[in-house]
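1. below is the sequence, then the predicted model.
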Amino acid sequence: MEFHVITLFPELFAAASWPGMVGRALKADLIKIQAHDLREHGLGSYRQVDDTPYGGGSGMVLRPEPLFAAIEVVNQTRPGLWRILLTPQGEPLDQALVRELSGRRPGLLLIAGRYEGIDDRVSTAVDQEISIGDYVLSGGELAAMVVIEAVARLVPGVLGNPESLAEESFADGMLEYPQYTRPEEFRGMRVPEILLSGDHRKIQEWRKTEALTRTARRRPELIRRGRP
């Protein structure tokens, strides 16, 4: 699967900068990440990509011409990519949306904004707008990385143990059950006896109960959301 990113900082997406799972997937040619420098489509000798907002206000706004040009060039060289504008106004990213995006082949084109915002006309050139959370970042690069990592995990062959996907938080709409490893006791805190019993049926039942309890306590909106 391919991930293309339009950004003012293409060096952030160099293959050598990706650690862990994503880095291994790149080396194994299971995924591809390519950054496209927005500055190449800037206007004039200074390659201008931003300007002051109409109506006044602080900050600078990315102009539509460079962004449209960048999107069109990528569309020509790699047609069929699902075009995503990363913006606080977008659809919230959750695991259900991640699964949906993992099926968008040949891949995703992620548009990372900067400054105060993006000229709203750019929204007509994309297929979807996505937000990774209700907070402010300096730009969309970190959001693009979040999308890449979350989606890449679902690409066949990327995870060494594909069964772990079914056990992770949000895989079934709930938080994951508590996890433990050695030692059995640490500073007076013991591993639950059920996990030492070897009774796999009871362990599965315990994990389901714990996952539901933890979700109800920490993220009750997930349970409400899952109701018919």
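-> Noted; the coordinates are in hand.
2. what does the helix or strand hosting N75 contact?
-> Taking DSSP states H and E as the definition, N75 sits inside helix 64-77. Identification of contacts with helix 64-77 by CB atoms under 8 Å, 6 or more residues apart in numbering yields 4, 6, 36, 38-43, 49, 81, 83, 109, 111, 118-119, 121-122, 125-126. Heads up, the C-betas are built off the backbone N, CA and C, glycines and all.
3. any idea how far it is from the chain center?
-> With CA atoms, centre = their mean, to the nearest Å as the basis, helix 64-77 stands 22 Å off its chain's centre.
4. ok, now stretch 44-61?
-> 28 Å.
5. any weak-confidence spans in this protein?
-> For the chain, the stretches with pLDDT under 70 are 161-171, 226-228.
6. immediately after the lengthiest strand in the chain, which helix or strand?
-> In the chain, with assignment by DSSP state E, the single longest strand is strand 82-92. Scanning forward in sequence from strand 82-92 by DSSP H and E, the next helix or strand is helix 95-102.
7. now the angle from that next one to strand 82-92?
-> Computed by axes from the mean of the first three to the mean of the last three CA atoms, to 10 degrees, the angle separating helix 95-102 from strand 82-92 equals 170 degrees.
8. tell me, what residue is most central in this protein?
-> Taking CA atoms, centre = their mean, the centroid of the chain lies closest to V147, which sits 1.7 Å from it.
9. give me the number of residues near V158?
-> By other CB atoms under 10 Å, 20 other residues sit near V158.
10. picking up where we left off before, show residues contacting the longest strand of the chain.
-> Under the contact criterion CB under 8 Å, 6+ apart, strand 82-92 has outside partners 71, 75, 97, 101, 104, 107-113, 117-118, 122-123, 125-134, 136, 140, 143-144, 147.
11. next: stretch 36-44.
-> 4-8, 10, 47-49, 62-63, 65-67, 69-70, 73-74.
12. now stretch 173-186
-> 95-96, 167-169, 190-192, 195-196, 206-208, 210-212, 214-215, 218-219, 222-223, 225-226.
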